[in-house]
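*Asks:* sequence first, then the predicted structure, then my questions.
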Amino acid sequence: DAGVIQSPRHEVTEMGQEVTLRCKPISGHNSLFWYRQTMMRGLELLIYFNNNVPIDDSGMPEDRFSAKMPNASFSTLKIQPSEPRDSAVYFCASSTAAGRETQYFGPGTRLLVL
Amino acid sequence: GQSLEQPSEVTAVEGAIVQINCTYQTSGFYGLSWYQQHDGGAPTFLSYNALDGLEETGRFSSFLSRSDSYGYLLLQELQMKDSASYFCAVRHAGNMLTFGGGTRLMVKP
């Protein structure tokens, strides 16, 4: 079975540009999480969806960040405009209602904003 | 607020036993999870404790004391491939996780 799929795996962009990160959760999983990992701040939860509905977005740093989940098999995290401090690894993870204690992480998108 | 404390680095030799401690201060505690992350990789789930006591999964065991807000991950018969970062994470309502800063384990021959 395919795990969580993220694209792109690497992204280099210039400050001010729009960045869109994509995630396909594991089929049948109804919870989806976006995380950001940096050396300074560690692994932070940005936003959490349950059954395609955003439940908690208190971790989204500011209005430049937005996330959508139009259907059960696709989610996007958008940064507009991007800034150098947004450089990080962004992970998407998914879980099921039954196995709620286990989150399955995608390979991550390594974002560098110049 | 939420806070989790774990050592930043631990070094051990191959074949040894190592314990990584985690203390937490949080509200809405459902349980404590442990994740492993190799350099350049994604976090992968190791174990979860919802109740006090020891959970064993092969060479890895995890312990929780809710009254002490404390848990640990025990790795036995260390192998070189165990060199990685290990994160404790508190599970909250809705299956949300708050991660600790991670412990970098270096296993030496």
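*Replies:* Alright, I've got the coordinates.

*Asks:* just the element for the residue lying farthest from the centre of chain A, please.
*Replies:* Largest separation from the mean C-alpha position in chain A: residue A:98, at 22.0 Å (Cα atoms, centre = their mean). Assigned by DSSP states H and E, residue A:98 belongs to neither a helix nor a strand.

*Asks:* residue contacts, residue 2?
*Replies:* No chain in the question, so chain A it is. With contact taken as Cβ atoms under 8 Å, 6 or more residues apart in numbering or on different chains, residue A:2 is in contact with A:26-27. The way it works is simple: take the backbone N, C-alpha and C, and place the C-beta from them, glycine included.

*Asks:* should've been chain B
*Replies:* Per Cβ under 8 Å, 6+ apart, neighbours of residue B:2: B:24-27, B:90, B:98.

*Asks:* distance of it relative to residue A:41?
*Replies:* Per Cβ to Cβ, to the nearest Å, residue B:2 is found 13 Å from residue A:41.

*Asks:* buried subset of the contacts of residue B:2?
*Replies:* Among the contacts of residue B:2, those classed as buried by 16 or more other Cβ atoms under 10 Å in any protein chain shown are B:24, B:26, B:90, B:98.

*Asks:* now do the contacts for residue A:33.
*Replies:* By Cβ under 8 Å, 6+ apart, the contact list for residue A:33 reads A:45, A:47-49, A:92-95, A:103, B:96-97.

*Asks:* flag the shaky bits of chain B, pLDDT-wise.
*Replies:* B:1 (pLDDT under 70).

*Asks:* up against chain A, what does it have?
*Replies:* Taking Cβ under 8 Å from any Cβ of the partner chain, the part of chain B that reaches chain A is made up of B:31, B:33, B:41-45, B:48, B:50, B:87, B:91, B:94-102.

*Asks:* run the last query once more with 7 Å
*Replies:* Residues of chain B lying near chain A by Cβ under 7 Å from any Cβ of the partner chain: B:31, B:33, B:42-45, B:48, B:87, B:91, B:94-97, B:99, B:101-102.

*Asks:* in strands, which of these appear?
*Replies:* Among the residues of chain B next to chain A, DSSP state E puts B:31, B:33, B:44-45, B:48, B:87, B:91, B:97, B:99 in strands.

*Asks:* burial of the closest residue to residue B:75 other than its chain neighbours, as a residue count?
*Replies:* The spatial neighbour of residue B:75 that comes closest, neighbours along the chain excluded (Cβ to Cβ, 6 or more residues apart in numbering or on different chains), is residue B:18 at 5.1 Å. Neighbour count of residue B:18, defined by other Cβ atoms under 10 Å in any protein chain shown: 19.

*Asks:* now the one 10 residues further on
*Replies:* The number of residues packed near residue B:28 is 12, by other Cβ under 10 Å.

*Asks:* go ahead and flag the most central residue of chain A.
*Replies:* In chain A, the centroid-proximal residue (Cα atoms, centre = their mean) is residue A:34; its distance is 3.2 Å.
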